[in-house]
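Q: Give me a model of this one.
(chains A and B)
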Number of protein chains: 2
Amino acid sequence: MANDGPAPGYTRWALRIEYDGTGTVGWQRQNNGVSVQERLEDAASRLVADAPVMTATAGRTDAGVHAAAMVVQLDLPETAARDARQIRDGLSFHLKPHRIAVLDAAAARPGWHARFSAVSRSYRYTILNRPTRPVLDLDHVWHVRHELDAEAMHAAARFLIGRHDFSSFRASSCQASGPVRTLDRLDVSRSGVYIHIDATARSFLHHQVRNLAGSLQMVGCGRWPVERMKSVLEARDRRKAGPTAPPEGLCLVGVGYPEDPFS
Amino acid sequence: MANDGPAPGYTRWALRIEYDGTGTVGWQRQNNGVSVQERLEDAASRLVADAPVMTATAGRTDAGVHAAAMVVQLDLPETAARDARQIRDGLSFHLKPHRIAVLDAAAARPGWHARFSAVSRSYRYTILNRPTRPVLDLDHVWHVRHELDAEAMHAAARFLIGRHDFSSFRASSCQASGPVRTLDRLDVSRSGVYIHIDATARSFLHHQVRNLAGSLQMVGCGRWPVERMKSVLEARDRRKAGPTAPPEGLCLVGVGYPEDPFS
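A: Reported below is the predicted structural model:
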């Protein structure tokens, strides 16, 4: 992490981007499909006469997961002088017709890194809780037919707040060095036919929010009593927890830094 | 309107349906593309062994306009006995993969007609008001880049409430017998980057909500003073009003009846 500044001859920009993860392999470049990163780097390269560019993100999202406000760093050649508005609008233009666009752009402060400087990530997981399948919300919600008790889900979420070993909610593919995380927020609320699960932490394990949503749903539908969440957490065993909720209900809604990169 | 009951041998069902108007020609059957009506009647016909079925709606929507809660009547052969849940789920099944589904179904009360019994229609028009084009809301908002003053728009809307000659906001294609309507609600509010225009009336002229939205936007961006809305209304001249706002921002959100058909 020592040499995380821009390469010589490059300047770093902070970007806040919105994307629809439907049909992508997620944020990160992969061989098996189109990633948000590849599309963003292609657009940025066109902005600077096809010069090479580099990006890094505050957090990777999986295939089908969305972002309303992901923060990304973009290192551009210094020779391609641009102002923040040109970067924002030029990138959004070159990103057409893909469902990715730049909401904000700003010159990064010295030493700022999209990932290593971030102190919090916030996600919203949305369940559409009604008998009928999603139409206007297609690809943006998890459809759960049986009625869920949001208050019970919220009560169960109380056991998960704070610093814990989250092995029960960690994907086997997780590459993090350890299973301990501090969950600062996990609120469950109902708004009409929608159930919102709002989660904030400094960082999350792979699939953690989706695994939490899957277990909260077990409480919501009455198959688990509220207190079972405590024993599931303490088991530190992925097999004791509920299923992984599908990706389309998940949206990254914010990344926190000690200083707002865009103010 | 005298013989608006179901045909002999048919029973009438009330349906509440949700649909995404993107890529359709709107509610009504037409020769130039696929309509919501055609898809619903095709699905209903499959539900009753390909017998003929008939539908009518509380209101027609244009190409690209959405509905969160449209009310439709469906006349099915009496021989095809079904209960309300079977109708709801069976229709939604046969409507796949189209972006149309049935939220509620109920046997209609005697004399009930989806259109003629309705006493109010409610629409929401949504503007995404930010520099960057829509991504997560693509095809469901009108994108307006310049900042809008929602309070000024709401103040201008006060001139439009009540019974008026709405010729200034009436499409030339409007087939209504007269231009007088009573607007019961026209509220403009901001929620973050969204501007919501909520309109309710017993009935609307063709394009009336979109034409109202287009003129309110002229106030919101500062090109018109608030008071100009009064003179535009009084001119009874479509050419004096603002542009027709695009269809994708419009959604029918409710239809009112003296008795709730679904309770």
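Q: switch to C-alpha atoms for all contacts and neighbour counts from now on
A: OK.
Q: from the middle of its chain, how far away would stretch A:84-103 be?
A: Stretch A:84-103 has its C-alpha centroid displaced from the chain centroid by 20 Å (CA atoms, centre = their mean, to the nearest Å).
Q: Now do it, average pLDDT.
A: In this model, stretch A:84-103 has an average pLDDT of 95.
Q: Residue numbers of chain A in contact with chain B?
A: A:18-20, A:68, A:89, A:92, A:99-103, A:131-136 (CA under 8 Å from any CA of the partner chain).
Q: Show me where the stretch 1-150 of chain A has its helices.
A: Per DSSP state H, counting those that start in this stretch, the stretch 1-150 of chain A carries helices over the ranges A:36-47, A:84-94, A:150-157.
Q: Save those as CSV, and put in mean neighbour count and distance to B:R82 too.
A: Converted to CSV, these look like this (neighbours: other CA atoms under 10 Å in any protein chain shown; distance: least, CA to CA, whole Å):
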stretch, mean neighbour count, distance to B:R82
helix A:36-47, 20, 47
helix A:84-94, 19, 51
helix A:150-157, 22, 33
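Q: what about stretch A:188-206, start to end distance?
A: One end of stretch A:188-206 sits 21 Å from the other (CA to CA, to the nearest Å).
Q: which parts of it are buried?
A: Using 16 or more other CA atoms under 10 Å in any protein chain shown as the test for burial, stretch A:188-206 gives A:188-190, A:194-201, A:203-206.
Q: what's the closest of these to B:H143?
A: Lowest distance from B:H143 to these (CA to CA) belongs to A:Y194, with 25.1 Å.
Q: thinking again about what came up before, and B:R29, which of the helices of the stretch 1-150 of chain A is closest to it?
A: Shortest distance between B:R29 and those, using CA to CA, is found for helix A:84-94: 36.7 Å.
Q: and the angle for the closest one with helix A:36-47?
A: Angular relation of helix A:84-94 and helix A:36-47 on a 0 to 180 degree scale: 110 degrees, by axes from the mean of the first three to the mean of the last three CA atoms, to 10 degrees.
Q: Run through the strands of the stretch 1-150 of chain A in chain order.
A: For the stretch 1-150 of chain A, applying DSSP state E, counting those that start in this stretch gives strands covering A:10-19, A:54-57, A:66-77, A:100-107, A:120-129, A:142-144.
Q: brain fart, the stretch 151-263 of chain A
A: Using DSSP E, counting those that start in this stretch, strands in the stretch 151-263 of chain A cover A:162-165, A:180-191, A:194-201, A:250-256.
Q: Once you drop chain neighbours, what's closest to the residue in the stretch 151-263 of chain A that chain B sits nearest to?
A: In the stretch 151-263 of chain A, the residue that lies nearest chain B is A:C251 (10.2 Å; CA to the nearest CA). Counting by CA to CA, 6 or more residues apart in numbering or on different chains, A:H66 is the residue found nearest to A:C251 once chain neighbours are left out, at 4.5 Å.
Q: swap in A:P246?
A: Closest residue in space to A:P246, ignoring its immediate chain neighbours: A:W142 at 6.5 Å, by CA to CA, 6+ apart.
Q: what separates the one you found from chain B, distance-wise?
A: Distance check for A:W142 against chain B: by CA to the nearest CA, to the nearest Å, it reads 16 Å.
Q: So what sits opposite that residue in the bridge?
A: A:I127 (DSSP bridges).
Q: Make a markdown table from the strands of the stretch 151-263 of chain A and add mean pLDDT to it.
A: A markdown table is the format used below for the strands of the stretch 151-263 of chain A (pLDDT from 0 to 100):
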| stretch | mean pLDDT |
| --- | --- |
| strand A:162-165 | 98 |
| strand A:180-191 | 98 |
| strand A:194-201 | 98 |
| strand A:250-256 | 98 |
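Q: Would you agree A:E38 is in contact with A:V25?
A: No: checked against CA atoms under 8 Å, the pair A:E38 and A:V25 is beyond contact range at 10.4 Å.
Q: tell me the pLDDT at the residue in chain A sticking out farthest from the centre?
A: Here the centre of chain A is the reference, and by CA atoms, centre = their mean the most remote residue is A:T79, at 32.5 Å. Looking at A:T79, its pLDDT stands at 78.
Q: What separation do you get for it and A:D42?
A: Here the criterion is CA to CA. By it, A:T79 lies 18 Å from A:D42.
Q: cool, and A:S177?
A: 32 Å.
Q: got the contact list for A:A201?
A: A:S120, A:R121, A:S122, A:R181, A:T182, A:L183, A:D184, A:R185 (CA atoms under 8 Å, 6 or more residues apart in numbering or on different chains).
Q: what about the fourth one, how many neighbours?
A: I take that to be A:R181. Each residue near A:R181 was counted by other CA atoms under 10 Å in any protein chain shown, and the total is 18.
Q: how does chain A divide up, domain by domain?
A: Domain ranges of chain A: A:10-117, A:120-254, per automatic domain parsing.
Q: okay, how far is it across the shortest one, tip to tip?
A: In domain A:10-117, first residue to last residue: 19 Å (CA to CA).
Q: Test of understanding: give the bridge partners of the residue nearest the centre of chain A.
A: Centroid-nearest residue in chain A, with CA atoms, centre = their mean: A:L252, separated by 3.5 Å. Applying DSSP bridges to A:L252 gives these bridge partners: A:A67, A:Y123.
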